[in-house]
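Visitor: Fold the stuff below for me.
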Amino acid sequence: MRREKKRVLFLADSLGNGGAERQLALLIKYLPVEWDRRVWSLDGGAFADIIRSTGVDVNISKRSSRFDIRPSIALWKTVISWQPDVVHSWGWMATAAADLICGIKRIPLIDGTIRSGMVPQRRSLANRLSMKWASMVVANSQAGLRAWGISPQRGRVIYNGFDHERLELSNATLSKSGNVVKAVMTGRMVPQKDFDTFLGAARFLLNSSNYRWQFIAVGNGPDKQRLVDRNAGLIANGQVVFVDGKTDVMPILHDAHIGVLVSNPRVQEGCSNSIIEYMACGLPVICGESGGNREVVIDGVTGFIIPPENPTDLAEKLIMLREDMALAQRMGAAGRERILRDFSVEKMVNSYVEAYNHVRR
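Guide: Numbers count the residues shown, from 1 in each chain. Predicted coordinates for the structure are as follows:
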């Protein structure tokens, strides 16, 4: 007897506070009702409870050691008992655990682990082996598919989506008053994200501008204390503010004027959630030349794309936007329109549903 509903089993390596986990939770939230959904993960995190709050079953199977195979056995039992129509993995370890059982049961497996525009130095061979057995490979940028050499026959791009329900507030626009100009950068404070260049622009503008600036660094991570110590003087005079990464960024973006994302030149972004959030809030964007950034930001239209590790260039673009408020407002409005049109949650969900139906044929 044919089931009334189709079933998708989502797999993850972790459900912590990250961009991929946010997108997974968003997909689960808006997936059409004809799809039953479950989640299996190797570790918990903030998004485990968020997903559970939608009524979706979340199974956490932690490993006790590197070679502990019990989580894989638990996954196989879930696949056999629940009989999903599609398995959609968001983590390379989860994909590897699912490869064998999906092959035996002839269940389509979608590998969605490509979330950046580069191949990582670590685990690249393991990733490639797990991708090899997948029915389809999904990346969130063209840069990601190119980096991994995935052919159009096996791979497709589904860009990150933005949840319109988060847009209860719009941004504060630049004005001719003496208000502080606020530039914001959000992200995990790790070497891959170039907060040094962001805060270097703050030092450049300290004595070289007619306006008062405030640089807001939002995030947590192992580099945070070093950044705080290095910029203690700027923090003391209010030029730089550090905000905890667990804070909802939308109220901060509402009060900001310009969104910035610069990365280490050895790192290539995928489809950046930070940039999408900036643009959705109507902020002009200044970002580095990195991976999939050009797939989101239209240089000269929704913001500026600058060379890496160049705080002077970043500072000059910030001044340009402050001096030409009409340009800043046009860029912000164009960016918001682009996100709501081309990076909506509806478009993302529809693309995944089409992918699920395609691999089931």
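
Visitor: CA atoms only: put the helix or strand of the chain with the lowest mean pLDDT into PDB for me.
Guide: Of all helical and strand segments in the chain, the minimum by mean pLDDT, DSSP states H and E falls on helix 124-132, at a mean of 82. Output of helix 124-132 as PDB, limited to C-alpha atoms (Å, rounded to 0.1, in the frame of the first residue of the first chain):
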ATOM      1  CA  SER A 124      39.200  15.900   1.300                       C
ATOM      2  CA  LEU A 125      39.800  12.300   0.400                       C
ATOM      3  CA  ALA A 126      37.100  11.100   2.900                       C
ATOM      4  CA  ASN A 127      34.700  13.700   1.500                       C
ATOM      5  CA  ARG A 128      35.300  12.600  -2.100                       C
ATOM      6  CA  LEU A 129      34.800   8.900  -1.200                       C
ATOM      7  CA  SER A 130      31.500   9.600   0.600                       C
ATOM      8  CA  MET A 131      30.300  11.900  -2.300                       C
ATOM      9  CA  LYS A 132      31.200   9.200  -4.800                       C
END
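
Visitor: Which element is encountered next along the chain beyond that helix?
Guide: Going down the chain from helix 124-132, the next helix or strand is strand 136-139, by DSSP states H and E.

Visitor: which other helices and strands contact whichever helix or strand comes after that next one?
Guide: The helix or strand immediately downstream of strand 136-139 is helix 142-148, counting by DSSP H and E. Contacts defined by 3 or more Cβ pairs under 8 Å, 6 or more residues apart in numbering; DSSP states H and E place helix 142-148 against strand 109-114, strand 136-139, strand 155-157. In this view, the C-beta of every residue, glycine as well, is placed from N, C-alpha and C.

Visitor: In three-state terms, label V8 for me.
Guide: strand (DSSP: H, G, I helix; E, B strand; the rest coil).

Visitor: Now do the phi/psi pair for the residue lying closest to it once chain neighbours are set aside.
Guide: Leaving aside its chain neighbours, V8 sits nearest to V86 (4.7 Å; criterion: Cβ to Cβ, 6 or more residues apart in numbering). The phi and psi values for V86, taken as degrees, to the nearest 10, are phi -140, psi 140.

Visitor: ok, now which ones touch S61?
Guide: Residues near S61 by Cβ atoms under 8 Å, 6 or more residues apart in numbering: W40, S41, L42, R70, P71, A74, L75.

Visitor: And the third one, how far from G219?
Guide: Yep, that's L42 we're talking about. 24 Å (Cβ to Cβ, to the nearest Å).

Visitor: send the alpha carbons of stretch 324-343 over as CSV?
Guide: Taking Å, rounded to 0.1, in the frame of the first residue of the first chain, the C-alpha atoms of stretch 324-343 are listed here in CSV:
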residue,chain,number,x,y,z
ASP,A,324,27.4,59.4,-1.1
MET,A,325,24.4,58.6,0.9
ALA,A,326,22.2,58.3,-2.2
LEU,A,327,24.5,55.6,-3.5
ALA,A,328,24.5,53.7,-0.2
GLN,A,329,20.7,53.8,-0.1
ARG,A,330,20.4,52.6,-3.7
MET,A,331,22.8,49.7,-3.1
GLY,A,332,20.9,48.8,0.1
ALA,A,333,17.5,48.8,-1.7
ALA,A,334,18.9,46.8,-4.6
GLY,A,335,20.4,44.2,-2.3
ARG,A,336,17.2,43.8,-0.3
GLU,A,337,15.2,43.3,-3.5
ARG,A,338,17.7,40.8,-4.8
ILE,A,339,17.6,38.7,-1.7
LEU,A,340,13.8,38.6,-1.5
ARG,A,341,13.6,37.7,-5.1
ASP,A,342,16.5,35.3,-5.7
PHE,A,343,17.5,34.0,-2.3
